[in-house]
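> Got a sequence here, can you build the structure:
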Amino acid sequence: MTHTWLYAVAPAGPDPLPPDLPGGVADEGPRTVTADGLLAVVGSVPTPDFDSDTLQRHLGEPQWLERTARAHHRVVSALGGRALPVRYGTVYRDDDRVRALLTAHADGFRAALAGIADRTEWGVKAYQDRTDPDEGDEEDGAPEDRPGTAYLLRRRSARDRADRALADAAERARQVHRTLAGLADRSTEHPPQPPEATGVRDPMLLNGAYLVHRSRAAEFARAVTGLQRLHGPVLRVELTGPWPPYSFADLPIGPSGPSGGDAE
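Here you go, the predicted structure:
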């Protein structure tokens, strides 16, 4: 038995699947299901590994999660700009459930597709470029070798400088976001990622996503380069993309329907 994993939704028409499309989350060959003028890109995945309870367990396994998330992204990326990416982990019991989904939410899907047409997502992260305010303390000798008041004053002064530097960098990050949001059709800020997730010690002050029309992609990239130069002594600005518009896929389905909830 198999369930149906949903990758993306596109307007019906010529099959969007390229001949060299990579395998999906279960190494299956993605295919299409159509209904009401819409086309869903799906894959048949084995029920024992992808029913609701088993899927939830797998989501707690880092290696399984990384492998299947990468496979999901590869399929979505290969579809180009005409497909609406669907949230990772969206599974239905069978193709008929997917057809029912397309029919029930046809207007919503069409509106969402119109919103991303000819647009891609760009990511911009900004980190404070800083030195540790505590660096150099060991060079001055152990705390007991210093006059206590003078040592505490130096420590307080260092922390005050660090606080002011962080506030300056944070304001610059807000300026970066405002500038780039003005060049994008839509923008959003995701929560900053911790160092454990990024491998970067410096604090992340901006984790922005920007939906940019293809005709303005070069202009957007140039703007990021200019902001890198402008804020370089204080802020490190990084551009990634283009990506499928994950952050702007206004799916007309709530979180309780997919992701295994309809698979049983």
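
> worst-scoring helix or strand of this protein, pLDDT-wise?
When each helix and strand of the chain is scored by mean pLDDT, DSSP states H and E, helix 195-198 comes last, with a mean of 82.

> Can you check the distance spanned by stretch 23-36, start to finish?
27 Å (C-alpha to C-alpha, to the nearest Å).

> Mind listing what's buried along it?
By neighbour count on 16 or more other C-beta atoms under 10 Å, the buried set for stretch 23-36 is 24-26, 28, 30-33, 35. In short, each C-beta sits where N, CA and C put it, glycine included.

> Repeat that for stretch 197-205.
Buried residues in stretch 197-205, counted by 16+ other C-beta under 10 Å: 202-205.

> how close does Ile116 get to Asn207?
Distance of Ile116 to Asn207, given as C-beta to C-beta, to the nearest Å: 20 Å.

> Could you check which of the two has the larger neighbour count?
Ile116 (22 against 18; other C-beta atoms under 10 Å).

> ok so, going back, which ones among the buried residues of stretch 23-36 lie within helices?
Of the buried residues of stretch 23-36, none are assigned to helices by DSSP state H.

> Give me the subset of these that lies in strands.
Counting by DSSP state E, these place 31-33, 35 in strands.

> Could you work out the most separated pair of those?
Pairwise distances across those (C-beta to C-beta) peak at 14.1 Å, for the pair Arg31 and Ala35.

> Name the residues of the longest helix along the chain that are buried.
Using DSSP H, we find that the single longest helix of the chain is helix 148-181. Along helix 148-181, these residues count as buried under the neighbour rule (16+ other C-beta under 10 Å): 151, 158, 162, 165-166, 169-170, 172-173, 175-177, 180.

> Next: stretch 181-197.
183-187, 192.

> Okay, and which of the residues you listed map to helices?
Counting by DSSP H, the buried residues of stretch 181-197 place none of their members in helices.

> Just name the closest of those residues to Pro48, please.
Once C-beta to C-beta is applied, the member of these that ends up nearest Pro48 is Pro192, at 38.6 Å.

> Could you tell me which residues make contact with the nearest residue to Gly208 once chain neighbours are set aside?
Once flanking residues are discounted, Gly208 sits nearest to Val124: 4.7 Å by C-beta to C-beta, 6 or more residues apart in numbering. Residues in contact with Val124 (C-beta atoms under 8 Å, 6 or more residues apart in numbering) are 176-177, 180, 206, 208-210, 224, 237-240.

> Who wins on neighbours among those residues?
These, ranked by neighbours (other C-beta under 10 Å): first place Tyr210, 26 neighbours.

> part of a helix, is that one?
No - read with DSSP: H, G, I helix; E, B strand; the rest coil, Tyr210 is strand and lies in no helix.
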